[in-house]
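Trainee: Here is a sequence together with a model predicted from it:
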Amino acid sequence: MSEVHNLTAERRDRAGKGAARSTRRAGRTPAVIYGNKQEPVLISVEPRVLEREIHRSGFFTTLFDVQLDGQRHRVLPRDVQFDPVTDIPIHVDFLRVSADTQVHVEVPVLFTNEELSPGLKRGGVLNVVRHEIEMICAADSIPGSVTIDLAGLDIGDSVHISSITLPAGVAPAITDRDFTIVTIAPPNVAVAEAEPAETEEEAATSGAAATPEKG
């Protein structure tokens, strides 16, 4: 089962931009809980607690128990709106889920044993094709990450989704191809030497040849 974090919320009475601005002026961040065939619930959360959670790795794959009016709402973050100037979160959407709710999530990719990759030792470059992989799974089975072991990989080697062992009940959203996650690319090719600049005499000759005769 996925790790569940706790989040305390207060109920909001009104929707709309004006009400949201009032909530922010009062020192709270507006949010909404929706989904699971229930009515949306307008809430607000403590900004510092929310920012701490957002800056943790895997925020959008983390389940939360939102405590509201003595009740617990099991939710998954789906969207965060940020202020374009301050980059502070100004609104959050939470999807209400149950144990058997099937969700699409972007699971981050992590790498281990880079020092044991012959290709990287020889100057190869870790070319990450997918930093995240979209998965379909039950809400209670969201993996925190997909970990790829780079030990033994040489230049030209690649890792595809078919070589990754996923937990039971977890499947990639893309099923029509065996997509690449990472490759060990060759070292960057040295930039070719620039052609020598033409001499003043060559430049003059070239310019004269390009000038049409006057009639």
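Mentor: Okay, I see it.

Trainee: use CA for all of it now, contacts and neighbours both
Mentor: Noted.

Trainee: in the chain, what spans have low per-residue confidence?
Mentor: Within the chain, the segments meeting pLDDT under 70 span 1-2, 189-215.

Trainee: could you redo the last one with a cut-off of 80?
Mentor: Per-residue confidence for the chain (pLDDT under 80) gives these ranges: 1-3, 99, 188-215.

Trainee: Could you count how many residues lie near R78?
Mentor: Applying other CA atoms under 10 Å, we find 16 residues neighbouring R78.

Trainee: Just list what the strand or helix carrying it packs against, helices and strands only.
Mentor: Using DSSP states H and E, R78 sits in strand 71-82. Contact partners of strand 71-82 among helices and strands, from 3 or more CA pairs under 8 Å, 6 or more residues apart in numbering; DSSP states H and E: strand 63-68, strand 89-96.

Trainee: Just the angle for the longest one relative to strand 63-68, thanks.
Mentor: Read that as strand 89-96. Using axes from the mean of the first three to the mean of the last three CA atoms, to 10 degrees, one finds that strand 89-96 and strand 63-68 are set 100 degrees apart in direction.

Trainee: Outside of strand 89-96 itself, list whatever touches it.
Mentor: By CA atoms under 8 Å, 6 or more residues apart in numbering, the list of residues contacting strand 89-96 from outside reads 24, 29-36, 47, 51, 73-83.

Trainee: what residue is smack in the middle of this protein?
Mentor: Most central residue of the chain, judged by C-alpha distance to the mean C-alpha position with CA atoms, centre = their mean, is E132 at 5.8 Å.

Trainee: Enumerate every residue touching it.
Mentor: Under the criterion of CA under 8 Å, 6+ apart, the contact list for E132 reads 106-109.

Trainee: Beta-bridge partners for it, please?
Mentor: According to DSSP bridges, the partner residues bridging E132 are P108.

Trainee: Please, where are all the strands along the protein?
Mentor: Under the criterion DSSP state E, the chain carries strands at the ranges 4-11, 29-35, 38-45, 63-68, 71-82, 89-96, 102-112, 125-128, 132-138, 146-149, 158-160, 171-172, 180-185.
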